[in-house]
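> sequence unavailable; structure follows:
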């Protein structure tokens, strides 16, 4: 799916707002399913306004985050894993959120090209159990 044409958005502020909503959801239980529903709604309903054209939900499995869902749904990356020490994940774990784009030397081009992402924002959810990442239009 191609990125939409959008006006500039402060993704750091946006992700902080999403993080706040997710914390409220965490308090209600069933975190994984609820996050999946929330992320699907964000991608589906705010694509043009926010420049979010896809996303992924990862679940921590030991020293890796395993892809649990994609938005829109796709089986293409089923079983895909990213190590916890991958720089964007490390930053997200330390700061709660991360925003990165192509050309950042901390990004592994092989990982990001497999996912098909140039710019992304991500937040850590549920005591580091989940990582929610959104594809961001350039």
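Great, that's in hand. Keep in mind that this is a model prediction, so the values were computed, not measured.
> check which helices and strands whichever strand or helix holds residue 114 sits against.
For residue 114, the host element (DSSP states H and E) is helix 109-115. Helix 109-115 sits against no helix or strand, with contacts defined as 3 or more CB pairs under 8 Å, 6 or more residues apart in numbering; DSSP states H and E. Every C-beta, even on glycine, is put in place using the N, C-alpha and C of the backbone.
> so which bits of that helix are buried?
Of the residues in helix 109-115, 112, 115 count as buried by neighbour count, 16 or more other CB atoms under 10 Å.
> which residues of this protein fall in helices?
Assigned by DSSP state H, the helices in the chain fall at 11-26, 31-45, 47-50, 87-95, 109-115.
> circling back to that earlier point, what mean pLDDT would you report for the helix holding residue 114?
Mean pLDDT, computed over helix 109-115, is 87.
> stretch 47-56 too?
The model assigns stretch 47-56 a mean pLDDT of 81.
> next up, the contacts around the residue lying closest to residue 87 once chain neighbours are set aside.
Distance criterion CB to CB, 6 or more residues apart in numbering; nearest residue to residue 87, sequence neighbours excluded, is residue 106 at 3.7 Å. Going by CB atoms under 8 Å, 6 or more residues apart in numbering, residue 106 touches 87, 88, 91, 100.
> so how do I select the buried members of the residues you listed in ChimeraX?
Buried residues within the contacts of residue 106, by 16+ other CB under 10 Å, are selected in ChimeraX with:
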select :88,91,100
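> with distance to residue 54 and pLDDT added, can I get the contacts of residue 106 in JSON lines?
Formatted as JSON lines, the contacts of residue 106 follow (distance: CB to CB, whole Å; pLDDT from 0 to 100):
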{"residue": "87", "distance to residue 54": "21", "pLDDT": "95"}
{"residue": "88", "distance to residue 54": "16", "pLDDT": "95"}
{"residue": "91", "distance to residue 54": "20", "pLDDT": "95"}
{"residue": "100", "distance to residue 54": "15", "pLDDT": "92"}
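> closest one to residue 14 out of the contacts of residue 106, please.
residue 100 (14.6 Å; CB to CB).
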